[in-house]
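> Next one to model:
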Amino acid sequence: MTHAAPQLSVARILAVLIKEFIQLTRDRLTYAMILVLPIVQLMLFGYAINNDPRHLPTAILVQDQGPMARSTVSALVNSGYFEIVRTAASPAELDEALARGEVQFALTIPADFTRKVVRGEGAKVLVEADASDPAATGGAIAALGSLPRTALTHDLVGAAAQGRQAGASADPFEVVIHRRYNPEAITAYNIVPGLLGVILSMTLVMMTSLGVTREYERGTMETLLATPARPIEVMIGKLAPYVVVGLAQTAIILVLAKVLFAVPMAGGWGALTLGVLLFIIGSLALGFLISTLARTQLQAMQMSFFYIMPSILLSGFMFPFRGMPTWAQALGGLIPVTHFLRVVRGALLKGLDIAQLWPSLAALALFVIAISALAMARYRTTLD
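Okay, the predicted model is just below:
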């Protein structure tokens, strides 16, 4: 005796479908991720990401006050790639601004610039670039190639043009480009140190949030809190092992960066050590805060990803930070990875110390204090 195969029931399918939609709307976090995440990605990739940054901050040291020097500076600005934000009084001041990352380029026009241009004696101007991120400076450096041909078009006329020697070169002056901190434009020198911040964020924030949320799901957190241990002691005990994990990851990444990619280690170990400790503690505190907000491990993973994605896109890790619009740079300034990358790259590639990197270190310290306070406040509320 054979049985007929059961027929598909549209009514039953609709019933299950409606049930799933109802369940989806009850999980507000997942529902928000489905709707918000595509919009965030569209906005970031459509408006914030720019691989050809313009209006890069530039400092100048003009030792020749003649009209030709002024025309050269004007032509530099008119190219669209450079924005004069600082006028230095000495080469040391120019060098300090470039090292601190306050400017991307530094222009020096020597005192004998006009005289050498008029006489055709091989006038030169010096442009120094913070080339630690080759993608941020590539377009601007390429634009410098046309500067000698266009800068003095209106100046070299009449007596000035006749004054040039017959054997002078076609270009009235030469732009000498000095790529600082990464003269060979090796991308790995910028990406590999940046990976330290991304890897620590992905592992520490996610591991902490999942680890603590797992305790709530299994019901073991209530048992743990029933012991004489105070909540703050529980928090420290839960997070301390991950500090060791973060330090171990840091050591491994730095060793591999040197051995496999020959990343220069210029020094700045005090600033790097302090920055790593602050970032690890801040990442763990953030993971703990997420665990107090999430009800399940899936929600904890979703919230962690919602933090990690902007950290990768807006911190300057993948795309030039100064290529982003002002509003995107403001958002990036709120992300701790942005400041941590400045500490890591500043210490390893430039050899900067704590005194020179204090703005980024202060931002990391502020993040640690604010997130730790929020995590503890939320933790106590959750317990009640």
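
> residues touching residue 47, list them.
325, 328 (C-beta atoms under 8 Å, 6 or more residues apart in numbering). (C-beta placed from N, C-alpha, C; glycine too.)

> Does residue 81 touch residue 140 like I think?
Yes. Using C-beta atoms under 8 Å, residue 81 makes contact with residue 140 at a distance of 3.9 Å.

> per-residue confidence averaged over stretch 351-362?
Throughout stretch 351-362, pLDDT has a mean value of 93.

> Give me the residues contacting that stretch.
Stretch 351-362 is contacted by residues 99-100, 266-268, 270-271, 274-275, 278, 339-340, 342-343, 346-347 when judged by C-beta under 8 Å, 6+ apart.

> Could the C-alpha coordinates of that stretch be exported in CSV?
Output of stretch 351-362 as CSV, limited to C-alpha atoms (Å, rounded to 0.1, in the frame of the first residue of the first chain):
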residue,chain,number,x,y,z
GLY,A,351,60.6,57.3,16.6
LEU,A,352,58.3,59.8,18.4
ASP,A,353,58.2,59.7,22.2
ILE,A,354,55.4,60.3,24.8
ALA,A,355,55.9,64.1,24.7
GLN,A,356,55.3,64.2,20.9
LEU,A,357,52.4,61.8,20.9
TRP,A,358,50.6,63.0,24.0
PRO,A,359,47.4,64.2,22.2
SER,A,360,46.7,60.7,20.9
LEU,A,361,47.7,59.1,24.2
ALA,A,362,45.4,61.5,26.1
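
> Assign a three-state SS to residue 379, would you?
Counting by DSSP: H, G, I helix; E, B strand; the rest coil, the backbone at residue 379 sits in helix.

> that older thread, can I have the buried ones of the contacts of stretch 351-362 as a PyMOL selection?
Applying 16 or more other C-beta atoms under 10 Å to those, the buried members can be selected in PyMOL as follows:
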select buried, resi 99+100+268+271+274+275+278+339+340+342+343+346+347
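
> among the contacts of stretch 351-362, which are in helices?
With helices taken from DSSP state H, the overlap with the contacts of stretch 351-362 comprises 99-100, 270-271, 274-275, 278, 339-340, 342-343, 346-347.

> residue ranges for the strands of the stretch 151-300 of the chain, please.
All strands of the stretch 151-300 of the chain, identified by DSSP state E, counting those that start in this stretch, fall at 173-180.

> show me where it has helices.
159-163, 188-200, 206-218, 220-225, 231-261, 269-293, 297-314 (DSSP state H, counting those that start in this stretch).

> what is the rounded mean pLDDT of the first one?
The predicted model gives helix 159-163 an average pLDDT of 52.

> Likewise for the fourth one?
For helix 220-225, the mean pLDDT works out to 70.

> Dihedrals phi and psi, residue 354?
Here is the backbone geometry of residue 354 (degrees, to the nearest 10): phi -60, psi -40.

> Could you single out the most deeply buried of the helices of the stretch 151-300 of the chain?
Greatest average neighbour count among the helices of the stretch 151-300 of the chain goes to helix 269-293 (a mean of 23), per mean count of other C-beta atoms under 10 Å.
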